[in-house]
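In: Everything below, folded, please.
(one chain, ligands or ions: 1)
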Amino acid sequence: MKKDKLHIHWYPGHIAKAERQLKEKLNLVDVIIEVRDARIPLSSSYSNIEKLLGDKPRLLLLNKADLVDKDELAKWCEYLKESTNCPVIVTDAKGNNELSAVVKTAVELSEPKIQVLMAKGLLRRPARAMVVGMPNVGKSSVINKLTKSSKTKIGAKAGVTRQQQWVRINPKLDLLDTPGIIPTRQDDQLQATKLAFVSSVSENAYSPEPVAKALLEMLSNSERATSIKEHYKTEELTLEAIANNRNWIIRGDNPDTERTAIYVLKDFREGRLGKIILDEFPLA
Ligand code: G4P
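Out: Here you go, the predicted model:
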């Protein structure tokens, strides 16, 4: 791969396998909790996600809400509710808040299925849920939060490997304690690049320099450009300008753009460049 060229690599064989594994796990549950990264509410999912997840009831979580603007996120919630027909809940799985709305909504969504089972003469059982999402969106953090107060591991059920346990969240809900991973397959390089911005693709799949450059270009064209220039104390948002300002110079008096790229990506990922949503709001 040429170092300065922006290209995110995908491995179709791995992706097909991961999708197969995800589908096997999905067969075990009544309701799906899909976690997305609030900074990229569209790009952190497939455009035809229903094809992968099937028609099971689904609850969308826009996680890492602490890293984006509240009002802008509220608009995205409304949009996603309408366009997906799924309930949408904003979460900060790193913060101290409870996720009780997630539990309540998952129970409500699975109730029709439980009623069907009961109509067939079966005893009521807790609904079964699992958390799915692309890498690094916060799936494990959500699971940890949901299961924190529950000590009840209820062991394996038929078809679930021993590594996977169900945890009783409350009398009406069991949760699989490992997430389902939606592989970050994207044929669209812009979407792939945004996934790289938020660490949703493996660092082996790209070089930091072109990715950081693409991020700075995107930020230059955003409403935040001025405040980010102030943050870096530069007149333009380029790796060279930021490196020069910090006096990060390497052999031959050249700006150390590689070091700067890693630094800029870290700044964005840790929220130091502002509360920014990078997906374009779809036109009505
Ligand atoms: P995954 O299972 O989907 O791969 O994601 P995971 O829960 O491991 O979370 C990935 C990273 O995102 C973790 O940071 C985690 O702390 C952070 N994270 C999860 N939810 C939120 C959130 O709502 N807000 C913010 N700001 N961060 C969140 P890490 O750097 O890998 O680890 P650490 O900082 O927890 O040590």
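In: Tell me the residues of the stretch 151-284 of the chain that contact the ligand?
Out: By the rule CB under 6 Å from any ligand atom, the part of the stretch 151-284 of the chain lying against the ligand is residue 179. Placement of C-beta: from N, CA and C, glycine included.
In: any weak-confidence spans in the stretch 151-284 of the chain?
Out: Filtered on pLDDT under 70, the stretch 151-284 of the chain yields the residue ranges 151-163, 186, 284.
In: how about the helices in it?
Out: Here the stretch 151-284 of the chain has its helices, by DSSP state H, counting those that start in this stretch, at 189-197, 208-220, 225-232, 239-246, 257-269.
In: which stretches of the stretch 1-150 of the chain form helices?
Out: Counting by DSSP H, counting those that start in this stretch, the helices of the stretch 1-150 of the chain are 12-26, 49-53, 70-84, 100-119, 139-147.
In: which of the ones you listed sits most buried?
Out: helix 139-147 (a mean of 19; mean count of other CB atoms under 10 Å).
In: now the helices of the stretch 1-150 of the chain as JSON lines including distance to the ligand?
Out: Listed next are those as JSON lines, based on distance: least, CB to the nearest ligand atom, whole Å:
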{"stretch": "helix 12-26", "distance to the ligand": "13"}
{"stretch": "helix 49-53", "distance to the ligand": "16"}
{"stretch": "helix 70-84", "distance to the ligand": "12"}
{"stretch": "helix 100-119", "distance to the ligand": "13"}
{"stretch": "helix 139-147", "distance to the ligand": "3"}
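In: So for residue 280, which of those helices sits nearest?
Out: Proximity to residue 280 (CB to CB) singles out helix 70-84 among those, at 11.1 Å.
In: Using TSV, lay out the helices of the stretch 151-284 of the chain together with mean neighbour count and distance to residue 129.
Out: What follows is the helices of the stretch 151-284 of the chain, written out as TSV (neighbours: other CB atoms under 10 Å; distance: least, CB to CB, whole Å):
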stretch	mean neighbour count	distance to residue 129
helix 189-197	21	25
helix 208-220	21	34
helix 225-232	15	39
helix 239-246	19	44
helix 257-269	19	29
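In: Dump those helices into JSON lines; add distance to residue 7 as well.
Out: Listed next are the helices of the stretch 151-284 of the chain as JSON lines, based on distance: least, CB to CB, whole Å:
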{"stretch": "helix 189-197", "distance to residue 7": "7"}
{"stretch": "helix 208-220", "distance to residue 7": "8"}
{"stretch": "helix 225-232", "distance to residue 7": "25"}
{"stretch": "helix 239-246", "distance to residue 7": "18"}
{"stretch": "helix 257-269", "distance to residue 7": "15"}
